[in-house]
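*Asks:* Sequence first, then the predicted structure, then my questions.
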Amino acid sequence: MKNFLIVFGLTLAMLMPTHLWAQPHIPDSLQRKHFVSTSLFMAMTLVPSKDNPRFFQLNYGYRFTPKDALILEAITWQYAAPIGIPYGPDKGKEEEFFPGKARDIGLGLAYQRFWWKGAYTTLHATPFYQTYLNPDLEKIQAGFQLFMTLRFGYHFSLLKHRLFIEPSVAFTHWPINTNLPEDFARQENKWPNYFLFEPGIHIGWKF
């Protein structure tokens, strides 16, 4: 009887579909659960210009499945004109600048989903505390902005799958934008509260 049970068990295991007992293949590039990253847009801070963004970002991510990750994003930046101005002759035109600058600081959350190999989408939601500054960079008043981003990109792994680079294109929308000074609101209301086809590139380290 003992030998029969052994043979029966081995035969049953051999007849079972392999996906029920074999471990699924997980790409090496997505094996590590933790990562830190930032946006290469920070390099714009080094370019001297009137609308220097003074942009800084640090992300921490946790991959809770091989295809899904949650990302905590700390971001601060400033801008001198409405961010809804589309690509074209009006973007960067001095007549569209604010009479001062808006300075933002926020802590956001993002969900990243991989669909095929390195192709992914990420949905970001960042609440920003906004400080409005006059031309002398003195505080006028403060407000709140909810900034949403839908990003499409591709994940490339380097250095034994520890370093990664993610070029992307994004669609941004800020449905809530409160307490702008009157002169700022006048400029802001001329443009939509979204921006299409924003290029991006993130770089990070997995551990």
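*Replies:* Now that the structure is in, tell me what you want to look at. Computed from a predicted structure; not experimentally measured.

*Asks:* any idea which element the residue nearest to Leu163 when sequence neighbours are not counted lies in?
*Replies:* Spatial nearest neighbour of Leu163, excluding adjacent residues (CB to CB, 6 or more residues apart in numbering): Trp205 at 6.0 Å. Where C-beta positions appear, they are placed from N, C-alpha and C, glycine not excepted. Assigned by DSSP states H and E, Trp205 belongs to strand 194-206.

*Asks:* Quick check: can you name the pairing partners of that strand and their directions?
*Replies:* strand 34-39 (antiparallel), strand 163-177 (antiparallel) (DSSP bridges).

*Asks:* what sits up against it?
*Replies:* The contact list for strand 194-206 (CB atoms under 8 Å, 6 or more residues apart in numbering) reads 32, 34-41, 59, 61, 83-84, 86-87, 151, 153, 157, 161-174.

*Asks:* Export it to PDB, keeping only CA atoms.
*Replies:* This file holds the C-alpha atoms of strand 194-206, laid out as PDB (Å, rounded to 0.1, in the frame of the first residue of the first chain):
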ATOM      1  CA  TYR A 194      -4.100  70.600 -17.700                       C
ATOM      2  CA  PHE A 195      -1.000  70.000 -19.800                       C
ATOM      3  CA  LEU A 196      -0.600  67.300 -22.400                       C
ATOM      4  CA  PHE A 197       2.500  65.300 -23.600                       C
ATOM      5  CA  GLU A 198       4.900  66.400 -20.900                       C
ATOM      6  CA  PRO A 199       8.200  64.600 -21.300                       C
ATOM      7  CA  GLY A 200      10.000  63.100 -18.300                       C
ATOM      8  CA  ILE A 201      12.800  60.900 -17.300                       C
ATOM      9  CA  HIS A 202      13.400  59.300 -13.900                       C
ATOM     10  CA  ILE A 203      16.500  57.700 -12.600                       C
ATOM     11  CA  GLY A 204      16.800  55.400  -9.500                       C
ATOM     12  CA  TRP A 205      18.400  52.600  -7.600                       C
ATOM     13  CA  LYS A 206      16.900  49.300  -6.500                       C
END
